[in-house]
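**Q** Below: sequence and its predicted model.
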Amino acid sequence: MAIPEVGATTPPPARPNFSSDVLKLVTGTTFAQILVIAASPLLTRLFLPEAFGLLAIFTSITKVLGVVSCMRYEFAIMLPDDERDAVNLLALCVAIVTGISLLALPFFIVFEPVFVSALNAPGLAGHLWLVSPFVFVTGLFIALNYWNSRTRRYGRLSVARILSSVAITGGQLGAGAAGIATGGALIATSALGQAVGTAVLGIQILHDDRRRFANHLSLARVRAVLVRYRRFPLYDSWSGLLNVSSWQLPSLLLPVFFSPVQVGYYALAYRLIVLPMDLVGSAIQQVFFQRASNAERDGDLANLTESVFTVLLRIGLFPMLTLALIGEELFSVVFGTAWAEAGLYTQLLAVWAVVWFISSPLSTIYMVQEKQTFGLQVNIANFVTRLAAIVAGGMLGSARLAILFFGVSGIGVYGFLCIRLLMFSGIAMRRTVRLVADALLPFLPVGAALLALKLIGTPVLIHLALAVLANALYYLYLLRTDAQFKEILAGFGIPGMR
């Protein structure tokens, strides 16, 4: 092993408390998510499902391109001990996303009629050129986000997320109130909000880290890290592309078989079912990735992973299983009866959502262990099964069946992924089953009561009241009796991660 030059490697700082890192991330995410949730009942009354459907179709296109906008080199930013390599990986990401965005602009201008026709979405006409700048600001934000995680300055990421959410939500409400309640308005305001978030994060990073960039950036090292971490574009870029494409299949295929209206229902269901899960999950994933890199080197990955797995089970299982029973009633009351179908979609997707929520933060384990081929295999299975699910539902002429098949396929693939990741970290299958059973037990009496009330035909408001009360009592019980959960609420501290 070559000995690094003096001063080339930054000594690792004292490890900060995991709780404070997650809390900084969750603070910004919490505000952003609360703002979106609070605005949703207004937006659903200002915009028709078709408008949300057009936004979802546009967003799906940009997400498919966005996942390879840096050719997955952004993940490598977290890995090198040598700070010079990390700086040049960031520069490499910026160069790649710039090139891809410039190529995308003429492509979507020329082939816009083809996309509009194939997706059965005439409302997209005149808006697909925005894919290029949207992919640029999204890809740049992704790269800056991982640099931010490496430097552990999570507070500035919270600021960027808050301002982005304010810009998006404020713009959408303003457009709707002004009578511009179209899919194009939703697309334009989303692009603007993403640009605001990227600009804010970029300015903060340049202000704080410009000397690092000036001291370490070199073309020779950019070429060196491009070769050193080539497994990310060679394997993980395809894996990521398949993964994101599989997520976007409903938005891209439902209009082909049905119309953008069904996409609108799915988009709201997806938005509201993922937001609570993403609130803590994304923050834990980001900090867990950094900690897992150290834990793998220290031989402490099993302890770290079990702590995260347990926390995710306790946070996500109870509310998602509740939603699986009352989703349609909840959406009818909160968003209006026109959106009852979206509530039914949440019921069909709730179990999948909790399995995804648990496995998603843990998925960084295979990146830390550089098992990209495994990730590629899982994502191939994910894409194939989801494609088959949506096509089968479409051929049967039922959007509900398409969503149900989609959820079932996700449960199977993400369940397998979760089990394998736990095994990679050193957790035995017997231990996993025990942890899941312990987390499931508190919900059983509540689930039975809700089912009984539905069967005897009690009023919807009684179901909702019971569900809200049960969830509140569940978390209060954990707060009083579970020291680990109490730490989470106090500062999102997780034993084994300090």
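**A** Great, that's in hand.
**Q** all helices in the stretch 351-498 of the chain, in order from the N-terminus.
**A** All helices of the stretch 351-498 of the chain, identified by DSSP state H, counting those that start in this stretch, fall at 364-368, 372-395, 399-425, 429-440, 443-455, 460-481, 483-491.
**Q** Select, out of those helices, the one closest to residue 150.
**A** Residue 150 sits nearest to helix 364-368 of all the helices of the stretch 351-498 of the chain, at 13.6 Å, using Cβ to Cβ. Every C-beta, even on glycine, is put in place using the N, C-alpha and C of the backbone.
**Q** give me the low-pLDDT residue ranges for the stretch 351-498 of the chain?
**A** Scanning the stretch 351-498 of the chain for pLDDT under 70 picks out 370, 372, 484-498.
**Q** same thing but at 90, please
**A** Scanning the stretch 351-498 of the chain with the threshold set as pLDDT under 90 gives 357-383, 417-439, 442, 454-461, 463, 475-498.
**Q** Reformat the helices of the stretch 351-498 of the chain as JSON lines; add distance to residue 245.
**A** Formatted as JSON lines, the helices of the stretch 351-498 of the chain follow (distance: least, Cβ to Cβ, whole Å):
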{"stretch": "helix 364-368", "distance to residue 245": "19"}
{"stretch": "helix 372-395", "distance to residue 245": "6"}
{"stretch": "helix 399-425", "distance to residue 245": "13"}
{"stretch": "helix 429-440", "distance to residue 245": "29"}
{"stretch": "helix 443-455", "distance to residue 245": "33"}
{"stretch": "helix 460-481", "distance to residue 245": "34"}
{"stretch": "helix 483-491", "distance to residue 245": "34"}
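**Q** Can you tell me which of those helices is most buried?
**A** helix 364-368 (a mean of 22; mean count of other Cβ atoms under 10 Å).
**Q** Return the distance of that one from the chain's centre.
**A** Centroid separation for helix 364-368 versus its chain: 16 Å, with Cα atoms, centre = their mean, to the nearest Å.
**Q** again, but for stretch 242-254
**A** Offset of stretch 242-254 from its chain centre (Cα atoms, centre = their mean): 14 Å.
**Q** per-residue confidence averaged over it?
**A** When pLDDT is averaged over stretch 242-254, the result is 86.
**Q** thinking again about what came up before, nearest to residue 104, of the helices of the stretch 351-498 of the chain?
**A** Closest among the helices of the stretch 351-498 of the chain, using Cβ to Cβ: helix 372-395, at 21.8 Å.
**Q** Export the closest one to CSV, keeping only CA atoms.
**A** C-alpha atoms of helix 372-395 as CSV (Å, rounded to 0.1, in the frame of the first residue of the first chain):
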residue,chain,number,x,y,z
GLN,A,372,-22.5,-3.8,-6.7
THR,A,373,-23.2,-7.0,-8.6
PHE,A,374,-25.7,-8.0,-6.0
GLY,A,375,-27.4,-4.7,-6.2
LEU,A,376,-27.7,-5.0,-9.9
GLN,A,377,-29.3,-8.4,-9.6
VAL,A,378,-31.9,-7.2,-7.1
ASN,A,379,-32.8,-4.2,-9.3
ILE,A,380,-33.1,-6.4,-12.4
ALA,A,381,-35.6,-8.6,-10.4
ASN,A,382,-37.4,-5.4,-9.2
PHE,A,383,-37.7,-4.0,-12.6
VAL,A,384,-38.9,-7.2,-14.3
THR,A,385,-41.5,-8.0,-11.6
ARG,A,386,-42.9,-4.5,-11.5
LEU,A,387,-43.1,-4.2,-15.3
ALA,A,388,-45.0,-7.5,-15.4
ALA,A,389,-47.3,-6.3,-12.6
ILE,A,390,-48.3,-3.0,-14.3
VAL,A,391,-48.6,-4.7,-17.7
ALA,A,392,-50.8,-7.5,-16.3
GLY,A,393,-53.1,-5.0,-14.6
GLY,A,394,-53.3,-2.9,-17.7
MET,A,395,-54.1,-5.9,-19.9
